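Undergrad: model this:
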Amino acid sequence: MRVNRLATRVLTALALLLIAVLIAFVVSCVQEEEASGKIGVIVTIPPQAEFVEKVGGENVDVTVMVPPGASPHTYEPTPNQMTNVARAEMYVKVGSGVEFELVWMDRLIAQNDDILVVDCSKGIQLIEMAGAHEYEGEDYEHGTMDPHIWMSPLNARIMVQNICDGLVQIDPDNRAYYEANRDAYSQSLAQLDQDIRDGLYGVTNRTFMVYHPAFGYFAEAYELTMLPIEEEGKEPTASGLAHLIDQAKEHNIKVIFASPQFNPQSAEVIADEIGGSVVFIDSLAGDYVENLRTLLGELGEAMR
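TA: Numbering: from 1, shown residues only. Here you go, the predicted model:
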C-alpha cells in the first residue's frame, strides 16, 4: 500500500511539474511575441509579402495565406493560418477579385473584429480579362475583370502606397520610417518599369501566348498582346485549341508560357503543333522584382 501511495504521489508531482512547465512555456511565448512589438500582417499572395516587408521592414511579421506553389483559385486556409488572422492587426487584400478572397475574405475577417483591412486595388483601374476564344462561331462573355493587378510595376507602386497608408494608420509614430521605406522601394519599382521598357524596345513581334491569363496588366503597360489558352478556369474546346494553334503560327510564336500552379497539357499540345516549347513563369513568385526581370528576359527572347 505504501508503495502504491508513493507511486501516486510521484506521478502527481510529475504531472504538476509538467503542467507548470507548459504554462511557463506558453507565457514565455506570449511575452516574447509582445516584446517583439511587430505588427502582424496577413497577405493573400506571395508578391504582397515583399511589398509589406519592404515598407514595414523590421516592424512587421507577415503571413501569406496562399503559399508558394498553391493556386488562389482552389486553396483553403489551414487552422494555423486562421489563428494568425485572429491575432493579426492588418489584412492586406489584393482587392481586385482574386478567387481566394471572394470565397474566404468574409470568413477570415469574421475571425478578428479589430483587424484593419487594406485594399491594394484602391486607385488602380481594372481591365477586362483577355479572352482567348473570341472568334466567329463561338460565344464569349465579356465583362470579367482581370484580378492580376500586381503584374504591372506601375500598379505595384500604387499597392505599396496603400500598404504604407495602412501601416501608418496602425503605427503613426513610425510614419517617417514607413514612408522612407516606401520611397526607396517605389524607386526600385520605377527603375524596374524603365528597364522593362528599355528591354522591350525595338521588339517588333509583340504578341505572346500563355496558358493562364495572368499577364494582362503587364501586356497593357508595355503595349504587348497576350493570347491566353485557358479562360476562367476552363480548358479550350477542340475548335478553340485549333484556333489557338492558328494564332500561334500567324504570329510566329515559338514559346508558350505556363504557370506552375496549372496543368500545362494544352500548352504542350500547342507547342508540339508549332514546333515550339513551354516555359514556366510564376506570376505568384515571392521575389517580385527579380521575377519580373526573369519574365522580361524570357519574353524578350521569345518575341525576337
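Undergrad: if I pick the most centrally placed residue in the chain, what's in contact with it?
TA: Centroid-nearest residue in the chain, with Cα atoms, centre = their mean: I45, separated by 2.9 Å. Contact analysis of I45 by Cβ atoms under 8 Å, 6 or more residues apart in numbering lists V64, M65, V66, P72, V94, V98, W150, L284. For every residue, glycine as well, the C-beta is placed using N, CA and C.
Undergrad: if we go to 7 Å?
TA: The neighbours of I45, taking Cβ atoms under 7 Å, 6 or more residues apart in numbering as the test, are V64, V66, P72, V94, L284.
Undergrad: quick one: buried ones out of those?
TA: Neighbour counting with 16 or more other Cβ atoms under 10 Å marks V64, V66, P72, V94, L284 as buried within the contacts of I45.
Undergrad: so how many other residues sit close to G275?
TA: The burial count assigned to G275 is 8, neighbours taken as other Cβ atoms under 10 Å.
Undergrad: and what of F280?
TA: Other residues within reach of F280, judged by other Cβ under 10 Å, total 14.
Undergrad: need the per-residue pLDDT for it.
TA: F280 is assigned 93 on the pLDDT scale.
Undergrad: re the thing from before, tell me which two of the buried ones among the contacts of I45 sit farthest apart.
TA: Using Cβ to Cβ, the pair of those lying farthest apart is V64 and V94, separated by 12.0 Å.
Undergrad: before we move on, the earlier item: make JSON lines out of the contacts of I45 and add distance to G57, secondary structure and pLDDT.
TA: Formatted as JSON lines, the entries for the contacts of I45 read as follows, by distance: Cβ to Cβ, whole Å; DSSP: H, G, I helix; E, B strand; the rest coil; pLDDT from 0 to 100:
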{"residue": "V64", "distance to G57": "17", "secondary structure": "strand", "pLDDT": "98"}
{"residue": "V66", "distance to G57": "23", "secondary structure": "coil", "pLDDT": "97"}
{"residue": "P72", "distance to G57": "26", "secondary structure": "coil", "pLDDT": "93"}
{"residue": "V94", "distance to G57": "22", "secondary structure": "coil", "pLDDT": "98"}
{"residue": "L284", "distance to G57": "23", "secondary structure": "coil", "pLDDT": "95"}
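Undergrad: L200 and L189, how far apart?
TA: In this view, L200 and L189 are 17 Å apart by Cβ to Cβ, to the nearest Å.
Undergrad: so which of those two has more stuff around it?
TA: With other Cβ under 10 Å as the criterion, L200 and L189 differ in neighbour count, and L189 comes out ahead with 23 against 16.
Undergrad: skip the chain neighbours and tell me the closest residue to L200.
TA: Closest residue in space to L200, ignoring its immediate chain neighbours: Y222 at 5.5 Å, by Cβ to Cβ, 6 or more residues apart in numbering.
Undergrad: what is the burial count for the one you found?
TA: There are 20 residues near Y222, going by other Cβ under 10 Å.
Undergrad: cool, E223 as well?
TA: Counted with other Cβ under 10 Å, E223 comes out at 10.
Undergrad: thinking again about what came up before, what's the spacing between the residue nearest to the centre of the chain and V168?
TA: I45 sits 23 Å away from V168 when distances are taken as Cβ to Cβ.
Undergrad: who's F208 bridged to?
TA: M226 (DSSP bridges).
Undergrad: where does this protein dip in pLDDT?
TA: Of all residues in the chain, those with pLDDT under 70 make up the ranges 1-36, 131-143.
Undergrad: let's see it at 80
TA: In the predicted model of the chain, residues 1-36, 130-143, 231-233, 304 satisfy pLDDT under 80.
Undergrad: quick one on the thing from earlier: now render the contacts of I45 as a markdown table, adding distance to M129.
TA: Rendered in a markdown table, the data for the contacts of I45 read as follows (distance: Cβ to Cβ, whole Å):
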| residue | distance to M129 |
| --- | --- |
| V64 | 24 |
| V66 | 19 |
| P72 | 14 |
| V94 | 15 |
| L284 | 17 |
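Undergrad: for E232, state which of the residues you listed is nearest.
TA: Lowest distance from E232 to these (Cβ to Cβ) belongs to P72, with 13.6 Å.
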